[in-house]
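Asker: Sequence and predicted model, in that order:
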Amino acid sequence: TVAGDNVGVLLRGIQKDEIQRGMVIAAPNSIEPHTKFEAQVYVLTKDEGGRHTPFFPGYRPQFYVRTTDVTGKIENFTADDGSETKMVIPGDRVKMVVELIQPIAIE
């Protein structure tokens with residue numbers, strides 16, 4: 001396997017209730033969990049299977065990263081021309097800054 005692969009692992013001495021889907025196994029000090037990230041996104045239109053309404057800074061969707069999901073708050077949006085925008089509609093491509101409610105392993 002290589003980094004990013006999904007695998008099944010037998011962990012001796014660990015009880016089933018001590019782990020949950022989305023947890024990461026890594027060498028000590030090899031990764032740092034983050035709560036804040038910036039992403040370039042395209043918002044799917046209704047016809048593409050996505051949204052049919054706009055959203056604004058402060059919106060709190062679920063973010064799905066590999067095998068985990070976590071709620072995050074969208075802090076702000078930046079349009080392709082670098083200007084800050086206050087509303088995103090389906091079909092828009094924007095850069096957004098997100099603050100997650102709990103840290104996850106992301107690059």
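Answerer: Ah, there it is. Numbering: from 1, shown residues only.

Asker: How about the residue nearest to the spatial centre of the chain: what's its closest non-neighbour residue?
Answerer: What sits nearest the mean C-alpha location of the chain, by C-alpha atoms, centre = their mean, is residue 63, with 4.0 Å. Among residues not flanking residue 63 along the chain, residue 72 sits closest, at 4.9 Å (C-beta to C-beta, 6 or more residues apart in numbering). Where you see a C-beta, it was placed from the backbone N, CA and C, and this is true even at glycine.

Asker: bridging residues for residue 100?
Answerer: For residue 100, the beta-bridge partners are residue 72 (DSSP bridges).

Asker: Wasn't residue 77 part of a strand?
Answerer: Yes: the assignment for residue 77 is a strand, going by DSSP: H, G, I helix; E, B strand; the rest coil.

Asker: give me every residue that touches it.
Answerer: With contacts defined as C-beta atoms under 8 Å, 6 or more residues apart in numbering, residue 77 is in contact with 57, 84, 85, 86, 88, 94, 95, 96.

Asker: same thing but 10 Å
Answerer: Under the criterion of C-beta atoms under 10 Å, 6 or more residues apart in numbering, the neighbours of residue 77 are 41, 55-57, 59, 83-88, 92, 94-97.

Asker: ok, which stretches of the protein are strands?
Answerer: For the chain, the strands defined by DSSP state E cover 34-42, 62-65, 68-78, 84-85, 93-104.

Asker: can you put the ones you listed in TSV and add mean pLDDT and distance to residue 3?
Answerer: As requested, the strands of the chain are arranged in TSV below (pLDDT from 0 to 100; distance: least, C-beta to C-beta, whole Å):
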stretch	mean pLDDT	distance to residue 3
strand 34-42	95	16
strand 62-65	91	14
strand 68-78	94	16
strand 84-85	91	34
strand 93-104	95	15
